[in-house]
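J.: Have a look; sequence and predicted model below, questions after that.
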Amino acid sequence: MIRVRFAPSPTGNLHIGGGRTALFNWLYAQSKNGQFILRIEDTDLSRSKKEYIDEILNSLRWLGFEWDEIYYQSQRFDIYKEYAQKVLKEDKAYIEKSESGKEAIIFKVIPQKIKIIDLIHGEIEFDTLVIKDQVLIKSDGTPTYNFACVVDDALTKITHIIRGDDHISNTPKQILLYQALGFPLPEFAHLPLIMAKEGGRMSKRKGATAITEYRQMGYLPQALVNFLMLLGWSPGENREIIDIKEAIKLFDIKTVNKTAAVMDMDKLDWINNQYLKSEDPQSLTDAVIPMLIEKKYIDKDNFDRDYILSLIKLFQPRLTVLNDFVDWADFFFLKNITIDPAAEQKFLAQDLSKEFKLFIDRLGKLDKFDIAAIEASFRELVAELNIQAKALIHPIRVALTGKTIGPGLFEVIYYLGKEQTKERLMKWVKQRRGSP
RNA sequence: GACCCCGUCGUCUAGCCUGGUCCAGGACAAGAGCUUUUCAAGCUCUCGACACGGGUUCAAAUCCCGUCGGGGUCGCCA
């Protein structure tokens, strides 16, 4: 049975790189019908926080990676001490006293050549001559990372260690410990790191790092997962948008790239748009309702879900992130809309009182107020006035929505309703009359 | 600095293992156009890469060596 693990440290949010490491572990487990184990590396008591654990777990669930087992290193200190004692008894380690009299257990590193066969990189050779003796148990009684990691991986029967490239140099140290403890060696696969556009590691200064940030920005988990998957792996046949089930079938850890990849937000945006377009409008509606409530665009206890669903359909193909909907469809929910000054200058500087008035009259006379009828009556009007359709469409859109961009005008009018349309257009008619 | 990893269009990649079918394919971005009611979407086209230098070979993006460049690690952090 294949067993892999993802071992985050709760000293911060789930990082985008961590998300990808989790993804590849999870993918590998799924593809091999194995198990995905979670291990919380909270040995640093002062830096580990409960809220980070919650946040990491939530992010993993949001991405869709359920785990089969979970362990907390802070609950296993006795185990580490026991194994450290064993190493000590066998004279493979020694005790070092600090000035304050506290004792640490230090592992003796014996010079030798260590060769690992990495599933992604192939052979990597190290000379332990350059490695110093390793602390196993710190003087405060807590285990060090490499020691706890080895003990847990061995005890929880992890067969494949899939982790970031930055752990390559830890590998020989850990192998030494496996040997000293008499544990069988797992397989190793080191994933290339994700780099920031500016070069170097992803950090707060270089774009969004936490998975939750992407969630808040309105990216769909499937889209983020698809994007992360493509960073360092390709399903072949020039495929880009790929369903997770399909990916599980095609995934092979050995075909993962060796090269670090740069995080490209443009591509993420494109992928998110692709998913948004094909997503069920019903679920997008559900996703967007809390956002609308938060913005106070709708009342938590009294809103028309079907209406929101209709609006979602209107905007769906043009959304990059879900939040775009909240920004772009605001005029449907607000009584007093804000007109973009540049748009006003461009389309409403001229006096269109006559045209607006005529259009309002026509709308009033419509016996069936639907999209087709609205458009037909509008077309008749511009034909009568002998002007181009767009000469009137753009000003009306700005008057109605405050924006120059948006869905088709006749849909907008239909969903805005006869009264609101009239009201918003009349504002410009009156304003004109009042001014010299 | 030492050790380790990596190096195909601006970016993500296919090809590399098993040299010829690659004057290197796809996608994002950029640019142009079509469509059109704006934006988005869609469609068409354009721009654009084997880091460099040596080998090996009839033949190299593919194999070998070196250089350069990028990244990572050197904690009683994880």
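T.: On my side now, so go ahead.

J.: burial count for residue A:140?
T.: When neighbours are defined as other C-beta atoms under 10 Å, residue A:140 has 10 of them. (Glycine included, C-beta is placed from N, CA and C.)

J.: repeat for residue A:310
T.: Neighbour count for residue A:310, taken as other C-beta under 10 Å: 16.

J.: Is it correct that it is in contact with residue A:415?
T.: Yes: Residue A:310 is within contact range of residue A:415, at 6.1 Å (criterion: C-beta atoms under 8 Å).

J.: Report the spatially closest residue to residue A:357, excluding sequence-adjacent ones.
T.: residue A:429 (5.5 Å; C-beta to C-beta, 6 or more residues apart in numbering).

J.: for residue A:262, same thing?
T.: Closest to residue A:262 by C-beta to C-beta, 6+ apart is residue A:195, at 5.0 Å.

J.: Could you report the distance from that neighbour to RNA strand B?
T.: Using C-beta to the nearest atom of the strand, to the nearest Å, residue A:195 is found at 6 Å from RNA strand B.

J.: Would it be right to say that the residue nearest to residue A:357 lies in a strand?
T.: No: Residue A:429: not assigned to a strand; according to DSSP: H, G, I helix; E, B strand; the rest coil it is helix.

J.: Contact partners for it?
T.: A:353, A:356-357, A:360 (C-beta atoms under 8 Å, 6 or more residues apart in numbering).

J.: By pLDDT, rank those and give me the bottom one.
T.: Lowest pLDDT within the contacts of residue A:429 is found at residue A:353 (85).

J.: Now for that residue, how many residues are close by?
T.: By other C-beta under 10 Å, 16 other residues sit near residue A:353.

J.: Hmm, it is touching residue A:425, no?
T.: No: the criterion here is C-beta under 8 Å, and residue A:353 misses it with residue A:425 at 9.6 Å.

J.: which stretches of the stretch 51-200 of chain A form helices?
T.: Assigned by DSSP state H, counting those that start in this stretch, the stretch 51-200 of chain A shows helices spanning A:77-89, A:145-155, A:171-181.

J.: packing partners for the longest one?
T.: Pointing back at helix A:77-89 there. Judged by 3 or more C-beta pairs under 8 Å, 6 or more residues apart in numbering; DSSP states H and E, the packing partners of helix A:77-89 are strand A:93-97, strand A:103-107, strand A:134-137, helix A:145-155, helix A:171-181.

J.: same thing but at 6 Å, please
T.: Using 3 or more C-beta pairs under 6 Å, 6 or more residues apart in numbering; DSSP states H and E, the elements in contact with helix A:77-89 are helix A:145-155.

J.: Report the mean per-residue pLDDT for the helix it packs on.
T.: Rounded mean pLDDT across helix A:145-155 is 98.

J.: Then stretch A:273-289?
T.: The average pLDDT within stretch A:273-289 is 96.

J.: Of the contacts of residue A:429, which is the most crowded?
T.: residue A:356 (23 neighbours).

J.: Could you pull up the contacting residues of residue A:210?
T.: Residue A:210 makes contact with residue A:13, according to C-beta atoms under 6 Å, 6 or more residues apart in numbering.

J.: ok, residue A:53 touching residue A:10?
T.: Yes: with contact defined as C-beta atoms under 6 Å, residue A:53 and residue A:10 form a contacting pair (4.5 Å).

J.: List the residues that are in contact with both of these two.
T.: Both residue A:53 and residue A:10 are in contact with residue A:40, where contact means C-beta under 6 Å, 6+ apart.

J.: higher neighbour count, those two?
T.: The residue with more neighbours, out of residue A:53 and residue A:10, is residue A:10; 23 against 17, by other C-beta under 10 Å.

J.: near RNA strand B, which residues of the stretch 251-400 of chain A?
T.: Residues of the stretch 251-400 of chain A lying close to RNA strand B (C-beta under 7 Å from any atom of the strand) are A:255, A:257-262, A:264, A:266-267, A:269-270, A:273-274, A:277, A:317-318, A:375, A:389-390, A:393-394, A:397.

J.: give me the number of residues near the closest residue to residue A:374 other than its chain neighbours?
T.: Among residues not flanking residue A:374 along the chain, residue A:410 sits closest, at 4.8 Å (C-beta to C-beta, 6+ apart). Residues lying near residue A:410 (other C-beta under 10 Å) number 19.

J.: still on that earlier bit, now intersect the residues of the stretch 251-400 of chain A next to RNA strand B with the strands, please.
T.: When DSSP state E is applied, those are split such that A:261-262 fall in strands.

J.: Which ChimeraX command selects the buried ones in the residues of the stretch 251-400 of chain A next to RNA strand B?
T.: Per 16 or more other C-beta atoms under 10 Å, the buried members of these correspond to this ChimeraX selection:
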select /A:261,270,273,375,393,394,397
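
J.: For residue A:58, which non-adjacent residue is spatially closest?
T.: residue A:212 (7.8 Å).

J.: ok but that neighbour is inside a helix, no?
T.: Yes: Residue A:212 sits within a helix when classified using three-state DSSP.

J.: pLDDT wise, what is it at?
T.: At residue A:212, the model reports a pLDDT of 96.

J.: Flag every residue of the stretch 1-150 of chain A that's near RNA strand B.
T.: So the stretch 1-150 of chain A meets RNA strand B at A:9, A:11, A:41, A:43-44, A:47, A:73, A:96, A:98, A:104, A:121-127, A:130, A:132, A:135, A:138-140, A:142, A:144-146 (C-beta under 7 Å from any atom of the strand).

J.: before we move on, the earlier item: take the helices of the stretch 51-200 of chain A and lay them out in TSV including mean neighbour count and distance to residue A:23.
T.: What follows is those, written out as TSV (neighbours: other C-beta atoms under 10 Å; distance: least, C-beta to C-beta, whole Å):
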stretch	mean neighbour count	distance to residue A:23
helix A:77-89	16	29
helix A:145-155	22	19
helix A:171-181	20	21
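
J.: in chain A, which ranges drop under the pLDDT threshold?
T.: Along chain A, segments meeting pLDDT under 70 span A:430-436.

J.: how does it divide into domains?
T.: Following automatic domain parsing, one finds the domains of chain A at A:3-73+A:193-269, A:76-191, A:280-330, A:341-434.
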